[in-house]
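Peer 1: what shape does this take:
(one chain, ligands or ions: 1)
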Amino acid sequence: MSARPTWLTADVLRRPDPAVGGAHAHAAQRAAAEFEGLPVIGEDWRPRAVGIVGAGTMGGGIAMAFANVGVPVVLVDRSSADVHRGMERIRANYNHSVTRGRLEQTVADERLALISASDQFAALAPAEVVIEAVFEDLDLKRRVFVDIDRVAASDALLCTNTSGLDIDRIAEVTGRPEVVIGTHFFSPANVMRLLEVVSGARTSPETLAKVLRIGDLIGKIPVPAGNAPSFIGNAMLADYSRETNFLVEEGSSPSEVDGVLEEFGFAMGLFKVGDMAGLDVGLDARRQAILTRPKDRRHSDLRFVPIEMGRLGQKTGAGWYRYEPGSRMPLPDPELDAALIDHSARIGIERRQIGAEEIVARCLYALVNRGAWLLQDGVASKPGDIDAVYVTGYGFPADVGGPMFWADEVGLAAIAADIGRLHQDFGGWWEPAPLLLDLARTGRRFADLDPRNEGSR
Ligand SMILES: NC(=O)c1ccc[n+]([C@@H]2O[C@H](COP(=O)([O-])OP(=O)(O)OC[C@H]3O[C@@H](n4cnc5c(N)ncnc54)[C@H](O)[C@@H]3O)[C@@H](O)[C@H]2O)c1
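Peer 2: Numbers count the residues shown, from 1 in each chain. Here you go, the predicted model:
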């Protein structure tokens, strides 16, 4: 039996009444687009056409999201070969839906006919919204925005689908930073409902209001976010994912960690997600990041273990799990487990049994504490926005409401005390957000920070 860790006092396996949690998740999603002080955009405003730069995975999905609601799209990429590949992928996606009986052929044809493509930036001229979805590289995005600025219509909104780069550094290369904004879609962009809408320092309220309206038009849950590294969702994911890696270094297996989080209600554990996405995604950036790591805290190189074994995820038949030929069913793999045990020994960690409570506590606390920092820093404007992000974009169980709602239910006093002890014992990453400490000390909840709740309790 694995002992309950001495620092843990909260009852982390406690869950809200599913109906109450579900109702909160639903209300939070609806309320996310309610942002104070925005101008009113006419009821029937919709963009006359959308231009997308980069016909890759995201550009193609975003194009479908607009075509699906009848908005004409032009896709631009570097070469006719890139454009062709992008259009073929969109065609294949629509065909797949038709074959599966989810879409009428005539409807698919109509939607496809709304999407045109070009290898010339001049083709963006008619668009009232331009969305950049090229590779995640700041210099490249800045060059692309210079070109967009040159050709885009005078009334166009200029959006970037960056996953976490600085919007201001992109906006500053244009002569119109007030219309530059982040529209962070999630993959697959024609399916996933979350849309983080990231205002830069000079983004105008009208630009934000229009993009929130666009999100609504294409059936997304648009959530306003501030321009801080990785915005809301991915900033929290970094902490959560780091903790899952630490747990495996200390004695859990990837399938144990995934299993506990799936039992908690997550749609999928992060190791399975990694295998689906490909473990080499963003590898160069990760290697780069090693050079600038803060020295005062623990880091994990766990993810390089499978990569160095040539295990890149489902596409190579093995990653954190192994896969039988033709199957996507993740199976635990003793070969990898042995390599992980070696890894722990190499970094001087004595492995131990880790129980479900500790796994849930460390992963959820990492989310909650980062969420509190984001609220305090104004990156998220209300706690429900964080819940909406996690439920709609990261597979957090809707019937638990969201990480901040969960924290309110478990009790902020106990959580703050536990995080305080983790900080004492492990330092670095666990520095508690002053906002969390303050709420705990004054007996309040995250929900009390939402102005719409004033007077309701
Ligand atoms: N893939 C995801 O899960 C995901 C999720 C959210 C956000 N994003 C972000 O979306 C953006 C695109 O990611 P992706 O996965 O679609 O990449 P991708 O590699 O599938 O597609 C990028 C496309 O950009 C094109 N391109 C590159 N340079 C160009 C240029 N100078 N002019 C025109 N086109 C150019 C490429 O030819 C390619 O078709 C990145 O910023 C990424 O961080 C990706």
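Peer 1: break this protein into its domains for me.
Peer 2: Domain assignment for the chain, taken from automatic domain parsing, gives 1-31+233-378+381-457, 50-226.
Peer 1: closest residue of the stretch 201-350 of the chain to the ligand?
Peer 2: Using C-beta to the nearest ligand atom, the single residue of the stretch 201-350 of the chain nearest to the ligand is Ala277, 6.8 Å away. Any C-beta I mention is one placed from the backbone N, CA and C, and that applies to glycine too.
Peer 1: who's in contact with the helix or strand of the chain with the lowest mean pLDDT?
Peer 2: One helix or strand of the chain scores below all others by mean pLDDT, DSSP states H and E: helix 283-290, with a mean of 87. Applying C-beta atoms under 8 Å, 6 or more residues apart in numbering, the external contacts of helix 283-290 come out as 136, 299, 301, 303, 307.
Peer 1: narrow those to those in helices?
Peer 2: In this view, these that belong to helices under DSSP state H are Ile307.
Peer 1: contact residues of the stretch 1-150 of the chain facing the ligand?
Peer 2: By C-beta under 6 Å from any ligand atom, the residues of the stretch 1-150 of the chain that approach the ligand are 53-59, 77-78, 82, 86, 133-136, 140, 144.
Peer 1: from those residues, list just the buried residues.
Peer 2: 53-56, 58-59, 77, 82, 86, 133-134, 136, 144 (16 or more other C-beta atoms under 10 Å).
Peer 1: need those in TSV (columns: pLDDT and secondary structure).
Peer 2: Below are those laid out as TSV (pLDDT from 0 to 100; DSSP: H, G, I helix; E, B strand; the rest coil):
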residue	pLDDT	secondary structure
Val53	98	strand
Gly54	98	coil
Ala55	97	coil
Gly56	96	coil
Met58	97	helix
Gly59	98	helix
Asp77	98	coil
Asp82	97	helix
Gly86	97	helix
Ala133	98	coil
Val134	98	coil
Glu136	93	coil
Val144	98	helix
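Peer 1: pick the one among these closest to Gln376.
Peer 2: Glu136 (27.1 Å; C-beta to C-beta).
Peer 1: for this structure, which spans come out with low pLDDT?
Peer 2: Applying pLDDT under 70 to the chain flags the ranges 1, 454-457.
Peer 1: give me every residue that touches the residue of it found nearest the ligand.
Peer 2: With C-beta to the nearest ligand atom, the shortest gap between the chain and the ligand falls at Gly56, namely 1.8 Å. The contact partners of Gly56, by C-beta under 8 Å, 6+ apart, come to 77, 86, 133-134.
Peer 1: identify the farthest-apart pair in the residues you listed.
Peer 2: The widest separation within the contacts of Gly56, taken as C-beta to C-beta, falls between Gly86 and Val134 and amounts to 11.8 Å.
Peer 1: that older thread, any idea how far the residue nearest to the residue of the stretch 201-350 of the chain closest to the ligand when sequence neighbours are not counted is from Val273?
Peer 2: If you skip the residues right next to it in sequence, Ala277 has Gly313 as its closest partner in space, 6.9 Å away by C-beta to C-beta, 6 or more residues apart in numbering. When distances are taken as C-beta to C-beta, to the nearest Å, Gly313 and Val273 turn out to be 10 Å apart.
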